[in-house]
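Q: predicted model and sequence below, questions to follow.
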Amino acid sequence: MLAVLFVLAVLCAVAGALLYLLPQRPAPVTDTAEPRPVEVADPPSAPVRLRVPVLGLTADVLPLGVDDNGALDAPGFRNAMKVGWYALGPRPGERGPAVLVGHRDAPANPGSVPVRNGRDNIKNAVFAKLGRLLPGDLVETELGDGRRLPFRVTEVNTYPTKNFPTDVVYGPVPNSQLRLITCGGVIDAQGHWDSNVVVSAVASREAPS
(Lines give C-alpha, C1' and ligand atoms only; values in the text may rest on other atoms or scores of the structure.)
Protein backbone atom coordinates (compact mmCIF):
# COMPACT_ATOMS: atom_id res chain seq x y z
CA MET A 1 0.00 0.00 0.00
CA LEU A 2 1.40 3.36 -0.97
CA ALA A 3 1.88 5.82 1.87
CA VAL A 4 1.40 8.76 -0.43
CA LEU A 5 -0.73 9.47 -3.47
CA PHE A 6 -0.34 12.65 -5.43
CA VAL A 7 -2.86 15.36 -6.13
CA LEU A 8 -1.67 17.71 -8.82
CA ALA A 9 -3.55 20.73 -10.10
CA VAL A 10 -1.89 22.79 -12.80
CA LEU A 11 -3.62 26.12 -13.39
CA CYS A 12 -1.41 27.73 -16.00
CA ALA A 13 -0.80 31.47 -16.16
CA VAL A 14 -2.18 31.99 -12.68
CA ALA A 15 -1.40 28.89 -10.67
CA GLY A 16 1.10 26.16 -9.92
CA ALA A 17 0.75 22.46 -9.14
CA LEU A 18 -0.13 21.12 -5.70
CA LEU A 19 1.16 17.98 -4.09
CA TYR A 20 -0.84 16.75 -1.08
CA LEU A 21 -1.20 13.74 1.14
CA LEU A 22 -4.60 12.12 0.92
CA PRO A 23 -7.39 12.86 1.68
CA GLN A 24 -6.74 16.50 0.91
CA ARG A 25 -7.91 17.84 -2.43
CA PRO A 26 -6.26 20.15 -4.98
CA ALA A 27 -6.64 23.91 -4.80
CA PRO A 28 -5.21 26.78 -6.84
CA VAL A 29 -1.86 28.30 -6.03
CA THR A 30 -1.09 31.84 -7.15
CA ASP A 31 2.65 31.86 -6.40
CA THR A 32 4.47 31.95 -9.74
CA ALA A 33 8.03 32.40 -8.39
CA GLU A 34 10.84 30.51 -10.04
CA PRO A 35 11.24 27.05 -8.46
CA ARG A 36 14.26 26.23 -6.34
CA PRO A 37 16.99 24.14 -8.02
CA VAL A 38 16.77 20.39 -7.40
CA GLU A 39 19.86 18.19 -7.38
CA VAL A 40 19.13 14.88 -9.07
CA ALA A 41 20.84 11.65 -8.09
CA ASP A 42 22.12 9.60 -11.02
CA PRO A 43 21.62 12.29 -13.71
CA PRO A 44 22.21 9.85 -16.62
CA SER A 45 18.90 8.11 -15.83
CA ALA A 46 16.89 11.31 -15.31
CA PRO A 47 14.80 12.87 -18.10
CA VAL A 48 16.30 15.93 -19.76
CA ARG A 49 14.09 16.37 -22.81
CA LEU A 50 10.53 15.62 -23.96
CA ARG A 51 9.49 15.17 -27.59
CA VAL A 52 5.97 14.95 -29.01
CA PRO A 53 6.45 14.70 -32.79
CA VAL A 54 2.80 15.11 -33.79
CA LEU A 55 2.73 18.47 -31.99
CA GLY A 56 6.16 19.53 -33.23
CA LEU A 57 7.19 19.78 -29.58
CA THR A 58 10.70 19.45 -28.21
CA ALA A 59 11.21 20.81 -24.69
CA ASP A 60 13.87 20.70 -22.02
CA VAL A 61 12.86 19.07 -18.74
CA LEU A 62 13.44 20.66 -15.34
CA PRO A 63 13.62 18.44 -12.22
CA LEU A 64 11.21 19.80 -9.62
CA GLY A 65 10.85 19.32 -5.89
CA VAL A 66 8.41 20.68 -3.35
CA ASP A 67 8.29 24.02 -1.57
CA ASP A 68 7.97 24.69 2.15
CA ASN A 69 4.20 24.17 1.95
CA GLY A 70 4.50 20.76 0.34
CA ALA A 71 3.45 22.09 -3.06
CA LEU A 72 5.13 20.77 -6.17
CA ASP A 73 7.12 23.51 -7.85
CA ALA A 74 5.96 24.19 -11.40
CA PRO A 75 8.26 25.83 -13.96
CA GLY A 76 8.22 29.59 -13.54
CA PHE A 77 6.80 31.75 -16.30
CA ARG A 78 10.32 32.58 -17.48
CA ASN A 79 10.58 28.88 -18.27
CA ALA A 80 7.10 28.56 -19.76
CA MET A 81 8.47 26.61 -22.73
CA LYS A 82 10.04 23.98 -20.47
CA VAL A 83 8.46 20.94 -18.82
CA GLY A 84 8.71 20.12 -15.12
CA TRP A 85 9.33 16.58 -13.91
CA TYR A 86 8.46 15.58 -10.33
CA ALA A 87 11.92 14.30 -9.41
CA LEU A 88 10.80 12.67 -6.14
CA GLY A 89 8.57 10.23 -8.01
CA PRO A 90 9.18 7.61 -10.71
CA ARG A 91 11.48 8.34 -13.62
CA PRO A 92 10.44 7.55 -17.18
CA GLY A 93 11.29 3.90 -17.72
CA GLU A 94 10.67 2.94 -14.08
CA ARG A 95 7.51 1.25 -12.85
CA GLY A 96 4.82 3.77 -12.04
CA PRO A 97 3.53 7.04 -13.49
CA ALA A 98 6.28 9.60 -14.14
CA VAL A 99 4.70 13.05 -13.76
CA LEU A 100 5.50 15.82 -16.25
CA VAL A 101 3.78 19.19 -15.93
CA GLY A 102 3.77 22.30 -18.09
CA HIS A 103 1.97 25.57 -18.59
CA ARG A 104 -0.71 25.95 -21.23
CA ASP A 105 -0.22 29.71 -21.42
CA ALA A 106 1.78 32.40 -19.65
CA PRO A 107 2.21 36.17 -19.44
CA ALA A 108 3.79 37.62 -22.56
CA ASN A 109 6.02 39.61 -20.20
CA PRO A 110 7.28 37.31 -17.42
CA GLY A 111 6.89 38.89 -14.02
CA SER A 112 3.64 40.58 -14.94
CA VAL A 113 0.20 39.52 -13.80
CA PRO A 114 -1.85 37.84 -16.57
CA VAL A 115 -4.88 39.86 -17.59
CA ARG A 116 -7.65 38.40 -19.74
CA ASN A 117 -9.55 41.51 -20.67
CA GLY A 118 -8.96 41.56 -24.38
CA ARG A 119 -5.39 42.80 -24.26
CA ASP A 120 -2.82 40.63 -25.97
CA ASN A 121 -0.59 39.88 -22.98
CA ILE A 122 -1.02 36.09 -22.81
CA LYS A 123 1.07 33.74 -24.95
CA ASN A 124 0.98 30.02 -25.60
CA ALA A 125 3.29 27.92 -23.46
CA VAL A 126 4.87 24.48 -23.83
CA PHE A 127 1.68 22.42 -23.42
CA ALA A 128 -0.67 24.74 -25.34
CA LYS A 129 -1.63 21.90 -27.71
CA LEU A 130 -1.46 18.97 -25.29
CA GLY A 131 -5.21 18.30 -25.48
CA ARG A 132 -4.92 17.57 -29.21
CA LEU A 133 -3.10 14.29 -28.62
CA LEU A 134 -4.88 11.07 -29.52
CA PRO A 135 -4.44 7.46 -28.41
CA GLY A 136 -1.51 5.93 -30.27
CA ASP A 137 0.46 9.19 -30.62
CA LEU A 138 4.16 8.96 -29.79
CA VAL A 139 5.66 10.71 -26.76
CA GLU A 140 9.39 10.36 -26.25
CA THR A 141 11.56 11.12 -23.23
CA GLU A 142 15.31 11.57 -23.56
CA LEU A 143 17.47 10.67 -20.58
CA GLY A 144 20.72 12.25 -19.50
CA ASP A 145 22.75 9.43 -21.04
CA GLY A 146 21.16 10.03 -24.45
CA ARG A 147 18.71 7.13 -24.40
CA ARG A 148 15.29 7.82 -25.87
CA LEU A 149 12.32 6.07 -24.30
CA PRO A 150 9.19 5.88 -26.48
CA PHE A 151 5.68 5.92 -25.03
CA ARG A 152 2.29 5.72 -26.72
CA VAL A 153 -0.70 7.77 -25.62
CA THR A 154 -3.50 5.64 -24.20
CA GLU A 155 -5.91 8.27 -22.86
CA VAL A 156 -6.55 12.02 -22.93
CA ASN A 157 -8.89 13.24 -20.20
CA THR A 158 -10.04 16.57 -18.78
CA TYR A 159 -10.83 16.63 -15.07
CA PRO A 160 -12.35 19.50 -13.04
CA THR A 161 -9.66 20.80 -10.72
CA LYS A 162 -11.98 20.74 -7.72
CA ASN A 163 -12.65 17.03 -8.24
CA PHE A 164 -9.26 15.82 -9.43
CA PRO A 165 -9.26 11.97 -9.39
CA THR A 166 -6.02 11.41 -7.50
CA ASP A 167 -6.27 7.64 -7.33
CA VAL A 168 -6.96 7.33 -11.06
CA VAL A 169 -4.14 9.60 -12.18
CA TYR A 170 -1.48 8.71 -9.59
CA GLY A 171 -2.44 5.25 -8.42
CA PRO A 172 0.03 2.35 -8.71
CA VAL A 173 0.49 0.74 -12.12
CA PRO A 174 2.42 -2.43 -13.01
CA ASN A 175 4.45 -0.88 -15.81
CA SER A 176 6.20 2.31 -16.92
CA GLN A 177 3.81 5.15 -17.73
CA LEU A 178 3.75 8.92 -18.17
CA ARG A 179 1.28 11.54 -17.00
CA LEU A 180 1.50 14.79 -18.94
CA ILE A 181 -0.55 17.46 -17.19
CA THR A 182 -1.56 21.01 -17.98
CA CYS A 183 -4.53 23.28 -17.46
CA GLY A 184 -7.73 23.11 -19.48
CA GLY A 185 -11.47 23.42 -19.45
CA VAL A 186 -12.72 27.01 -19.42
CA ILE A 187 -11.49 30.20 -17.80
CA ASP A 188 -13.57 31.19 -14.80
CA ALA A 189 -14.50 34.65 -13.54
CA GLN A 190 -11.21 34.91 -11.63
CA GLY A 191 -9.18 34.18 -14.76
CA HIS A 192 -8.30 30.62 -13.72
CA TRP A 193 -8.59 27.54 -15.88
CA ASP A 194 -11.12 25.33 -14.14
CA SER A 195 -9.80 21.90 -15.17
CA ASN A 196 -6.71 19.83 -15.90
CA VAL A 197 -5.86 18.02 -19.10
CA VAL A 198 -4.19 14.70 -18.28
CA VAL A 199 -2.50 12.66 -21.00
CA SER A 200 -1.64 9.08 -20.04
CA ALA A 201 0.96 7.15 -22.00
CA VAL A 202 2.51 3.71 -21.60
CA ALA A 203 6.00 2.52 -22.60
CA SER A 204 5.63 1.55 -26.26
CA ARG A 205 6.96 -1.98 -25.75
CA GLU A 206 4.02 -2.48 -23.38
CA ALA A 207 1.41 -0.50 -25.31
CA PRO A 208 -1.50 -2.42 -26.86
CA SER A 209 -1.19 -2.88 -30.61
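A: Nice, I can see it.

Q: any idea which helix or strand comes after the strand or helix carrying Leu180?
A: For Leu180, the enclosing helix or strand under DSSP states H and E is strand 176-187. Per DSSP H and E, the first helix or strand lying C-terminal to strand 176-187 is strand 193-203.

Q: give the rounded mean pLDDT of that following strand.
A: Mean pLDDT, computed over strand 193-203, is 95.

Q: same question, stretch 45-65
A: On average, stretch 45-65 scores 96.

Q: again with stretch 142-153
A: If you average the pLDDT values across stretch 142-153, you get 97.

Q: quick one: classify Val168 as helix, strand or coil.
A: Assigned by DSSP: H, G, I helix; E, B strand; the rest coil, the conformation of Val168 is helix.

Q: tell me the contacts of it?
A: Contact analysis of Val168 by Cβ atoms under 8 Å, 6 or more residues apart in numbering lists nothing. Where you see a C-beta, it was placed from the backbone N, CA and C, and this is true even at glycine.

Q: could you report the separation of it from Ala128?
A: 24 Å (Cβ to Cβ, to the nearest Å).

Q: geometric centre of the chain: which residue is closest?
A: Val101 (1.4 Å; Cα atoms, centre = their mean).

Q: quick one, phi/psi of that residue?
A: phi -120, psi 150 (degrees, to the nearest 10).

Q: which of the three states applies to Pro44?
A: Pro44 ends up helix, using three-state DSSP.

Q: count of neighbours near it?
A: 11 (other Cβ atoms under 10 Å).

Q: isn't it up against Leu143?
A: Yes: between Pro44 and Leu143 a contact is recorded at 6.6 Å, counting by Cβ atoms under 8 Å.

Q: for the closest residue in space to Ser195 that isn't next to it in sequence, give me its contacts.
A: Spatially, and ignoring its direct neighbours in sequence, Ser195 is nearest to Gly185 (2.8 Å; Cβ to Cβ, 6 or more residues apart in numbering). Taking Cβ under 8 Å, 6+ apart, we find Gly185 in contact with 158, 160-161, 193-196.
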